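1. One predicted model, sequence on top.
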Amino acid sequence: MKRGKRYAEAAKTVDRGALYDVADAIALVKKNASAKFDETVEAHIRTGCDGRHADQQIRGAVVLPHGTGKTVRILVFAKGPKADEAEAAGANYVGAEELIPKIQNEGWLDFDVVVATPDMMGVVGRLGRILGPKGLMPNPKAGTVTMDVTKAINDIKAGKIEYRLDKSNIVHVPVGKASFTEEQLADNFQTLMDAILKARPSTVKGAYLKSVTMTSTMGPGVKLNVAKLVN
């Protein structure tokens, strides 16, 4: 993949053979986030899990103390009083069966998170092929299948993020924006790592965390010292 001049210059500031402390890594990522927009700061966590086994899956959600810096569009599948509740709580879109053709046939996907009441999962299940691959399928573990739609919406607006293994057994998650202070990014990152460490499946053999890299949208990756994260 061909990289631009700015990336090449930024890459020179990162010692490829070094493992950085969190504070140093954050300072470096912020310094290298020089694009014209407010870059997202991301953590990429390579695990020793084997996601092909159900008992080695990692999936959950955590509320970052300083949010993600991103305005999230929320779609809620609910009916009756629960639909009214979702609207009152500030959901961007609320509906039921009538949304199925809009998503299936018109390709409407102007939302970032989907919440559903349990009684609506039969309807939402019909969208599995579309929502599943995009990581948008509501899930009880992530708190997005719930009767308490107000809490779900409030948590998402407060900076709740979902984490899950991809096919390569890596977790990719945003921990804030480059415009955040180093302290805010450190707080968010620590909250995320606490949740990931807590989610360790008991069946994982050997190293649970193989590598942790922090990067910004357009910047080079900075590898962290995993040993210090685990202790």
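-> In hand now; what should we look at?

2. use CA for all of it now, contacts and neighbours both
-> Noted.

3. quick one, domains of the protein?
-> The chain breaks down into these domains under automatic domain parsing: 5-67+160-230, 74-158.

4. which residues does the closest residue to Val72 other than its chain neighbours contact?
-> Spatial nearest neighbour of Val72, excluding adjacent residues (C-alpha to C-alpha, 6 or more residues apart in numbering): Asp112 at 5.9 Å. Contact analysis of Asp112 by C-alpha atoms under 8 Å, 6 or more residues apart in numbering lists Val72, Arg73, Ile74, Leu75, Leu136.

5. can you put the residues you listed in JSON lines and add distance to Met214 and pLDDT?
-> Conversion of the contacts of Asp112 to JSON lines gives the following (distance: C-alpha to C-alpha, whole Å; pLDDT from 0 to 100):
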{"residue": "Val72", "distance to Met214": "22", "pLDDT": "89"}
{"residue": "Arg73", "distance to Met214": "25", "pLDDT": "94"}
{"residue": "Ile74", "distance to Met214": "27", "pLDDT": "96"}
{"residue": "Leu75", "distance to Met214": "30", "pLDDT": "97"}
{"residue": "Leu136", "distance to Met214": "24", "pLDDT": "91"}
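
6. can you tell me which two in these are farthest apart?
-> Val72 and Leu136 (12.6 Å; C-alpha to C-alpha).

7. Now the common contact residues for those two.
-> Listed as contacting both Val72 and Leu136 by C-alpha under 8 Å, 6+ apart are Asp112, Val113.

8. the strands in the protein, which residues?
-> Per DSSP state E, the chain carries strands over the ranges 40-47, 59-63, 74-77, 93-95, 113-116, 160-164, 170-177, 209-216, 222-223.

9. count of residues packed around Asn92?
-> 15 (other C-alpha atoms under 10 Å).

10. isn't it right up against Ala83?
-> No - counting by C-alpha atoms under 8 Å, Ala83 is not a contact partner of Asn92; they are 11.6 Å apart.

11. and the closest residue to Ala27 other than its chain neighbours, how far is that from Ala18?
-> Using C-alpha to C-alpha, 6+ apart and skipping the chain neighbours, the partner closest in space to Ala27 is Glu182 (6.6 Å). Distance, Glu182 to Ala18, by C-alpha to C-alpha, to the nearest Å: 20 Å.

12. Who has more neighbours out of those two?
-> A side-by-side neighbour count of Glu182 and Ala18, using other C-alpha under 10 Å, places Glu182 first with 18 against 11.

13. residues contacting that one?
-> So Glu182 contacts Ala23, Ile26, Ala27, Lys30 (C-alpha under 8 Å, 6+ apart).

14. Just want to check the distance between it and Ala10.
-> Going from Glu182 to Ala10 by C-alpha to C-alpha gives 18 Å.

15. How about Ala18?
-> In terms of C-alpha to C-alpha, Ala18 sits 15 Å off from Ala10.
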